[in-house]
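A.B. asks: return a 3D structure for these sequence lines:
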Amino acid sequence: MKRYLPLLFVTLVGCASPARPQILTQVDRAREGQAVIDARKNAPQAYARAELFRQRAEQAYNDGDQPSAQILSEQAMAAYLRATIEARLTRAENRLAEAKLLAKKQAERLAQLEVEQQ
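C.D. replies: Modelled structure (predicted):
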């Protein structure tokens, strides 16, 4: 029996699944961050692209394709970053439009007050 233990050990170790790439865990953490959650609402297309990369990375990992899982995970991280940037840009453009509208209303009000004073 003792002579079969090394063979059994080698067999069991050889069948173990590879460790999950650290980048997949980082993708999961990034996905749960507030910036990415905001991007889901303010940059839905960019967010969807990031999700697609993440899903493909998970599928590659489940299929045992470590190199593809690594690359797709890195692409997902970049896509999440892009989504957060697009969301910030969208919010900034909205604030700019609101500020311009407010400035226009204030200018009209000022002109009206000047006419009334004359």
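
A.B. asks: find the nearest non-adjacent residue to Gln66, please.
C.D. replies: Spatially, and ignoring its direct neighbours in sequence, Gln66 is nearest to Pro18 (5.8 Å; CB to CB, 6 or more residues apart in numbering). For glycine as for every other residue, the C-beta is placed from the backbone atoms N, C-alpha and C.

A.B. asks: apologies, that question was intended for Ala30.
C.D. replies: Leaving out its chain neighbours, the residue that sits closest to Ala30 by CB to CB, 6+ apart is Tyr80, at 5.2 Å.

A.B. asks: give me the distance between the one you found and Leu89.
C.D. replies: According to CB to CB, to the nearest Å, Tyr80 stands 15 Å off from Leu89.

A.B. asks: could you do Asp63 as well?
C.D. replies: 36 Å.

A.B. asks: try Glu32
C.D. replies: 22 Å.

A.B. asks: quick one, which of the two is more surrounded?
C.D. replies: More neighbours surround Leu89 than the other of Glu32 and Leu89, with 12 against 9 (other CB atoms under 10 Å).

A.B. asks: just the pLDDT for that one.
C.D. replies: For Leu89, the pLDDT comes out at 97.

A.B. asks: check Gln45 too.
C.D. replies: Reading off the model, Gln45 has pLDDT 97.
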